[in-house]
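1. Quick check, what structure comes out for this input:
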Amino acid sequence: MNPLKHGDKSPSEPEKQSSSDQSSSALVDFHALSNALEIILQSSYLISTTCTDENSKKWIAMLNDGVDRAIASQRALRKSLAESGKLPVVPPEGT
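-> Sure, this is the predicted structure:
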């Protein structure tokens with residue numbers, strides 16, 4: 001059974017988008033990613049302040065490592081978008 005509705009494009013047939021449409025889409029995706037990352041970052045902090053047993057600390061350390069990696073990726077993406085002129089240059093907080 002085909003999960004696509006009649007007229008839908010298959011994943012192997014991407015729609016052609018103009019450069020400005022792609023830029024707008026990238027900015028929307030970047031903004032959504034930034035918002036999701038902020039939720040994860042705040043949740044990680046709150047969890048780390050309430051869970052004090054040793055097993056929880058191990059999971060929190062893993063979560064914090066993932067958060068650090070996601071933040072680094074987000075900063076690299078922000079820099080790349082800014083350098084390409086698709087994102088206004090805004091210095092990261094704390095710099």
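2. Please make it C-alpha for all contacts and neighbour counts, starting now.
-> Fine.
3. Show me what the lowest-mean-pLDDT helix or strand in the chain is packed up against.
-> Using mean pLDDT, DSSP states H and E, helix 19-50 stands out as the lowest-scoring helix or strand of the chain, at a mean of 83. The helices and strands touching helix 19-50, judged by 3 or more CA pairs under 8 Å, 6 or more residues apart in numbering; DSSP states H and E, are helix 54-83.
4. So for the helix it packs on, what gets flagged as buried?
-> Using 16 or more other CA atoms under 10 Å as the burial criterion, the residues of helix 54-83 that qualify are 60, 63-64, 67, 70-71, 74, 78-79, 81.
5. Excluding chain neighbours, what is closest to residue 64?
-> Closest residue to residue 64 apart from its sequence neighbours, by CA to CA, 6 or more residues apart in numbering: residue 44 at 6.8 Å.
6. if I look at the one you found, how far off is residue 84?
-> Residue 44 sits 32 Å away from residue 84, going by CA to CA, to the nearest Å.
7. Which one's more surrounded, those two?
-> Shown here are residue 44 and residue 84; by other CA atoms under 10 Å, residue 44 has more neighbours (16 against 10).
8. wait, what's in contact with that one?
-> Shown in contact with residue 44 (CA atoms under 8 Å, 6 or more residues apart in numbering): 60, 63-64, 67.
9. Specify which member of these is nearest to residue 33.
-> Ranked by distance to residue 33 (CA to CA), the contacts of residue 44 are led by residue 67 at 12.5 Å.
10. Would you confirm that that closest one contacts residue 41?
-> Yes: applying CA atoms under 8 Å as the test, residue 67 and residue 41 come out as touching, 6.4 Å apart.
11. Reformat the buried residues of helix 54-83 as a markdown table; add pLDDT and distance to residue 51.
-> Shown next, in a markdown table, are those (pLDDT from 0 to 100; distance: CA to CA, whole Å):
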| residue | pLDDT | distance to residue 51 |
| --- | --- | --- |
| 60 | 88 | 8 |
| 63 | 89 | 13 |
| 64 | 89 | 13 |
| 67 | 88 | 17 |
| 70 | 90 | 22 |
| 71 | 89 | 23 |
| 74 | 88 | 27 |
| 78 | 85 | 32 |
| 79 | 88 | 35 |
| 81 | 82 | 37 |
